[in-house]
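K.L.:
Fold the following for me, if possible:
(chains A and B)
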Amino acid sequence: MTKYVHHEMKVAPTPEEAARQTFMSSMRMYVLLDMANGMRTVYDTEVAPKFKRKNKRAPRDGIEVHRALKKDTFFKFYSSMRCNAQEMVFRSILPTVERSQDALNKKAKVLSRSKKAAGTVETDPSFVVPRSVAAIDVHRMPGNYDTEYGPDDVTQGAVYDNGISVFSMGFFGDNLDDIGSSISLFIKNKYPKFAPKRILDMGCTIGHNTVPWAKIYPKSEVHAVDVSAPAVRYGHARAQSDGVAVHFHQQNAEHTNFEDGSFDLIFSSMFLHEVPKKGIKKIFKEAHRLLKPGGLMLHMELPPNKMLGAYDSFYLDWDSYYNKEPFYKPFRDLDPEVVSENAGFAKNKFVQFIIPSVGQYGEKAVKDSVKKQTGKADDQTGRFAAGIHWYCFGAWK
Amino acid sequence: MTAAAEKKPLRYSVRGKNTQFFSGEGVDELVSITMALAQELWVVKERLAAFEAVATKKKVFTAKEIEGFKFTPAQRAKLDAESQAFIDRVFFVLRERVEGLAADPDEPPAPKEP
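P.N.:
Next comes the predicted model:
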C-alpha cells in the first residue's frame, strides 16, 4: 500500500519507522474510505432526514450539509482522526529524513552534476516567499514547503516526497506521478497534432508531475517553477535521478521572468487550491501572457463546487476548514471558465476533462476516455478511492 | 562547535490553531493519544511477527523460555531510554500545544465556519 520512495534520493527507514509509516497508510485508508463511507451513511439515514423534517427541503449546498453534520459524533471522530492521521503521516517520516539530512543534501549536489540528464536548477537568495506559503504549514506538513535548515538544503523536498508517499496510500503511483502521467497521456491522444516545444509546470513542488510531460514529449524543453527553494532543489535531483531533463526555477508563478509567448503548454497540478484568489487570477493572466497563440493552459485540480452535489461539496471543502488549506474552498467556489475568460482566454476555448488514473485503469482506459467525456464529476473525481479520476480544466490561447 | 552541534532540529509540530471537535475537555487530545498508541502497538506487532518468524525458522526458542526471561541491567537501561521516546511520541499532542504557545503564527485564516 505505502509506496516508499525508491529513486536515488530515497531514505532508509528503520523497521520501526517503516512499520509506523505502513500503519499510517492503513490508518488513512480506514479514515478516508471506511469512516468516510460511514459518515455518508450517517448523513443519509439520520442527518439529512432530520434536516428535511425541520426545513421541508434537502440541504442546498455544502455549507448547509456541514452545519447539519458537524454536531454529529461521527463527524467529530472522522474529523479529529483525519487531522491526526494527517499530522502522523509526516511525523512517521520525519525521523528518517532528519537522520538522512546531510546525506540527502550531498546526494542532491552529486545528482545535480550528474551526466544522467541535462536538467538545471536556479534559486534566488533574495526571493521573498509569499505569506500564503511562509505563514502556514499547508496540509499539516511541519516546516511546509519552504523552511530551509541550512544552505542549499533539500530537507523539505524530502519531507514532502516521503510524506505524500505514505499519505497517498499508493493512489499516486510508484513515482507519485499518476496525475501527470494520466493527464499527459490523455492530452497526447486527445490532440495528436499538438507537439509542445516548451512546457512550463507552475507550482511544481518536487516535479513529480512535471517529469511525465518530459517523458511523453521527449523533444520538448520542460521548465518548472515553485516558490520553495528546497522543493526545486530536491525536484531537480529527483528528475536527474530519473534521467529526465527539467529546468527548475525558484519563481512565483504569478509573475515569472520568462518572455511573452514563450511556452506551448502550461500545466499545474494540485496547485491552485493552495493559492489565494487574487494569486489565482494573476496566475491565469501570467499563463495567458506566457503562452504562444495556439498554446494550452491546463490545471489539474479538485472539481469546482458548481460541478458537485451538496454532500460532495461539503466533503471536499472539509480540508479548507480543518486541514490547514484555507484557500481550498475559495478556489473551489470559483468558476474556472469565468476566471479563464477574465484572464484573456476566449470563452469558446475553455476545456475540461475527467481522466481515469492510468495506474488504476491502465493506458487503454485513458486513451478510450478521450471519446467518453461526459463533463460530469462524481464522488470518484479527485478522491482517494478505488476508481479515482483526475479532473483538469484549462483553455487554448 | 561542530557542524552537527550547530544543526537545527527539524520541527515536528504543526503551526497555528486547531479545531476542537469535541465539547468535552481533553477528548480531542485523547483521540490523538489513542491513535498514536494504536500506531505503536502496530509497530510492536510487526516486530513480534518478525521475531516469531525468525525464531520458528531457526528453532531458536520456545514460548516457555520467553515467559521466564530476565533483561540484563544494560538491556534494561536501553529499554528505559527507548520508553521515554515512546512516551513522547504517544503524548505528542501535549507537547505540540506547548510549542504552539511559544510560536508566533501569522497564518492566513480559514474561511469562517458555517
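
K.L.:
In which helix or strand does the nearest residue to residue A:206 once chain neighbours are set aside reside?
P.N.:
Leaving aside its chain neighbours, residue A:206 sits nearest to residue A:235 (4.2 Å; criterion: Cβ to Cβ, 6 or more residues apart in numbering or on different chains). C-betas here are computed from N, CA, C, even on glycine. Using DSSP states H and E, residue A:235 maps to helix A:229-241.

K.L.:
now residue A:200
P.N.:
Per DSSP H and E: strand A:198-202 holds residue A:200.

K.L.:
List the pairing partners of that strand within its sheet, with orientation.
P.N.:
strand A:221-226 (parallel), strand A:263-269 (parallel) (DSSP bridges).

K.L.:
Can you give the distance from the first one to the centre of its chain?
P.N.:
Relative to its chain's centre, strand A:221-226 lies at 16 Å (Cα atoms, centre = their mean, to the nearest Å).

K.L.:
rewinding a little: which elements pack onto the helix holding residue A:235?
P.N.:
Secondary-structure packing of helix A:229-241 (3 or more Cβ pairs under 8 Å, 6 or more residues apart in numbering or on different chains; DSSP states H and E): helix A:73-113, strand A:120-122, helix A:155-167, helix A:211-216, strand A:221-226, strand A:247-250.

K.L.:
Out of these, flag the one nearest residue B:15.
P.N.:
For the helices and strands packed on helix A:229-241, the distance to residue B:15 is smallest for helix A:73-113, at 11.5 Å, taking Cβ to Cβ.

K.L.:
Which strand in chain A has the most residues?
P.N.:
strand A:291-301 (DSSP state E).

K.L.:
Is the closest residue to residue A:253 other than its chain neighbours bridged to anything, and to what?
P.N.:
Excluding its sequence neighbours, the residue lying closest to residue A:253 (Cβ to Cβ, 6+ apart) is residue A:202, at 3.8 Å. Counting by DSSP bridges, residue A:202 is bridged to residue A:225.

K.L.:
which ones are touching residue A:202?
P.N.:
A:225, A:253, A:266, A:267, A:268, A:271, A:283, A:287 (Cβ atoms under 8 Å, 6 or more residues apart in numbering or on different chains).

K.L.:
isn't the third one right up against residue A:288?
P.N.:
No: taking Cβ atoms under 8 Å as the definition, residue A:266 is not a contact partner of residue A:288, at 9.1 Å.

K.L.:
shared neighbours of those two, which are they?
P.N.:
With Cβ under 8 Å, 6+ apart as the test, residue A:266 and residue A:288 both reach residue A:297.

K.L.:
Compare these two (neighbour count), which wins?
P.N.:
The neighbour comparison of residue A:266 against residue A:288 (other Cβ atoms under 10 Å in any protein chain shown) goes to residue A:266, with 27 against 19.

K.L.:
ok, so what distance separates the residue nearest the centre of chain B from chain A?
P.N.:
Central residue of chain B (Cα atoms, centre = their mean): residue B:89, 2.2 Å from the mean position. In this view, residue B:89 and chain A are 8 Å apart by Cβ to the nearest Cβ, to the nearest Å.

K.L.:
in the helix or strand where that residue lies, what counts as buried?
P.N.:
Using DSSP H and E, residue B:89 maps to helix B:73-90. For helix B:73-90, a neighbour-count test (16 or more other Cβ atoms under 10 Å in any protein chain shown) marks B:86, B:89, B:90 as buried.
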